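# The following comprises the amino acid sequence and a computationally predicted model.
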Amino acid sequence: MLSLLLAAVIAAPGPQAVQATLQSCAMEGGRWVCRYAVPDIEIVPLPGNDVVADAPAAILGVRPADVPSTGEVAPPAVTVPTTAAAERRTVPLDAGILTEREQRLVARCADAPWYAVCLPDDRRAARTLKEKQDAFLAVRSAVTARLATQDCDGAVKAALDGGYLDLAGQARGFCSAAD
């Protein structure tokens, strides 16, 4: 019984996969460029669905002059998705404030042992980012300490000396709100 089922599965024709064949590869402009031949395919519409007639001309590769004027087709509305990361980047960042991706890199590779899965470039970048973050945290700590003692000018000067314009603006805003 099992052998009969196995024979039926093996004998059943599977879907035919279309494969491209390699025609040539050559070095062009300092990089490898390979050309493939893709076999022609036939689009068979399902009964009741006229996919080819409903498709926009841009998808079919037809020039606007070749499109019969059976009616006006409105162009599809193009929307650009907004992500939280893109919205977070609109806020200016000082050099020591790391993004989530950079924080993950620092956590994974900055002080990683030799057997960790980090490339040498990742290790160097993580160490550099960690040094920037440590310098920012030190300046932020000094600014916070000066703000706690009501030394607003000294806090702004410390932030500007470190090169952190946003931190200086925040300190100045804090001082003006306290007055």
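It's in.

# Could I get the buried residue list for the helix or strand residue 139 falls within?
Taking DSSP states H and E as the definition, one finds residue 139 inside helix 120-148. Under the neighbour-count criterion of 16 or more other CB atoms under 10 Å, helix 120-148 has 122-123, 125-126, 129-130, 132-133, 136, 139-140, 142-143, 146-147 buried. All C-beta atoms are positioned from the backbone trio N, CA, C, and that covers glycine.

# next one: stretch 107-120
Buried-residue list, stretch 107-120, by 16+ other CB under 10 Å: 109-110, 118.

# Go ahead and produce CSV holding the CA coordinates of that stretch.
In CSV, the C-alpha atoms belonging to stretch 107-120 read as follows (Å, rounded to 0.1, in the frame of the first residue of the first chain):
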residue,chain,number,x,y,z
ALA,A,107,26.2,45.8,22.6
ARG,A,108,27.2,42.9,20.4
CYS,A,109,30.7,43.8,19.2
ALA,A,110,32.3,46.6,21.3
ASP,A,111,33.6,44.4,24.1
ALA,A,112,33.0,41.1,22.5
PRO,A,113,35.4,38.2,23.1
TRP,A,114,37.5,36.8,20.2
TYR,A,115,35.1,34.0,19.5
ALA,A,116,32.1,36.2,19.1
VAL,A,117,30.5,36.5,15.6
CYS,A,118,31.6,40.0,14.8
LEU,A,119,33.6,41.0,11.7
PRO,A,120,36.8,43.2,12.3
